[in-house]
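J.: just the structure for this:
(one chain, ligands or ions: 2)
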Amino acid sequence: MKILLVFDFDNTIIDDNSDTWIVQCAPDQKLPIELQDSYQKGFWTEFMGRVFKYLGNEGVGEDEMKRTMLSMPFTPGVVELFNFIRENKDKFDCIIISDSNSVFIDWILEAADFHDVFDNVFTNPAAFDSNGHLTVENYHAHSCDRCPKNLCKNVVLVEFVDKQLKQGVNYTQIVYVGDGGNDLCPVTFLKKDDIAMPRKGYTLHKTLSKMSQNLQPVESSVVIWSSGVEIISHLQSLIKE
Ligand SMILES: [Mg+2]
Ligand SMILES: [Zn+2]
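T.: Ligands and ions are numbered 1, 2, ... in the order given. Next comes the predicted model:
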């Protein structure tokens, strides 16, 4: 019996947002106003598609984008955390569900040699086209009205857990580590034995605090963290039980 660890990527594994970090590659490190203003709520992937096209047209190549991505820091304690998970891989399965994209996440996991820590990465598929432009697609289509059009993290999580169950893998509990508004949907579906781990001071933490003040707490327990080292201590207490 294993514990399933679910990680968000931006502002959880890495200490910034990959989609805004990449703008450092743009001339003057900023986007033209009309491109910046073209974002429509719920259509982030389409917006990033236009940003990548712009960067490509400005002559920003794959190497430069990769170098920029790799200059992004990990969140404090996360390197230690992933080493701990690797050492205890018999007790944990580990997945990423992210609204970033497959190219950025691959670069970062590969450079830090963390691919083996993760069983699956669910994110918007991306690739460089024949013009050298990065292109990105929606992860899936779904009918959850609380989530952006391209990704409902709860749908992904439920599908993964069901698929694992069909293959005889039944998790004793789910630990969900995230920071953002789009982590709320999966967290509200966690069960009593599961653990939501919102990053201290970020949107998910604030929203969960408000919900509990309004006497609408989530069913799972909630454990706040600032550093990956605190997550290690909590995981250690879980596997000791
Ligand atoms: Mg995030
Ligand atoms: Zn949703």
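
J.: who in the chain is up against ligand 1?
T.: Asp8, Asp10, Asn11, Asp179, Gly180 (C-beta under 5 Å from the ion). Placement of C-beta: from N, CA and C, glycine included.

J.: for the closest residue to the third one other than its chain neighbours, list the residues it contacts.
T.: Once flanking residues are discounted, Asn11 sits nearest to Asp179: 4.4 Å by C-beta to C-beta, 6 or more residues apart in numbering. Under the criterion of C-beta atoms under 8 Å, 6 or more residues apart in numbering, the neighbours of Asp179 are Asp8, Asp10, Asn11, Thr12, Pro198, Arg199, Tyr202, Thr203, Leu204, His205.

J.: turn those into a markdown table, columns for neighbour count, pLDDT and secondary structure.
T.: Below are the contacts of Asp179 laid out as a markdown table (neighbours: other C-beta atoms under 10 Å; pLDDT from 0 to 100; DSSP: H, G, I helix; E, B strand; the rest coil):
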| residue | neighbour count | pLDDT | secondary structure |
| --- | --- | --- | --- |
| Asp8 | 25 | 98 | coil |
| Asp10 | 23 | 98 | strand |
| Asn11 | 19 | 98 | coil |
| Thr12 | 24 | 98 | coil |
| Pro198 | 27 | 98 | strand |
| Arg199 | 23 | 98 | strand |
| Tyr202 | 19 | 98 | coil |
| Thr203 | 17 | 98 | helix |
| Leu204 | 26 | 98 | helix |
| His205 | 19 | 98 | helix |
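
J.: from the residues of the chain next to ligand 1, which is closest to Asp90?
T.: Asp8 (24.2 Å; C-beta to C-beta).

J.: now Glu87: how far from Ile3?
T.: 14 Å (C-beta to C-beta, to the nearest Å).

J.: got it, and Phe43?
T.: With C-beta to C-beta as the criterion, Phe43 and Ile3 are 35 Å apart.

J.: with neighbour numbers in mind, choose between these two.
T.: A side-by-side neighbour count of Phe43 and Ile3, using other C-beta atoms under 10 Å, places Ile3 first with 19 against 15.

J.: okay, now the sheet partners of the one helix or strand the more buried one maps to, with direction.
T.: In the assignment (DSSP states H and E), Ile3 maps to strand 2-7. Counting by DSSP bridges, the strands paired with strand 2-7 are strand 92-101 (parallel), strand 171-178 (parallel).

J.: which is the next helix or strand following the first one?
T.: Past strand 92-101, heading to the C-terminal end, the next element that is a helix or strand (DSSP H and E) is helix 102-111.

J.: quick one: low-confidence parts of this protein?
T.: 241 (pLDDT under 70).

J.: for ligand 2, what are the nearby residues on it?
T.: Cys144, Arg146, Cys147, Cys152, Asn154, Cys185.

J.: and these, which two are the farthest apart?
T.: Arg146 and Asn154 (8.5 Å).
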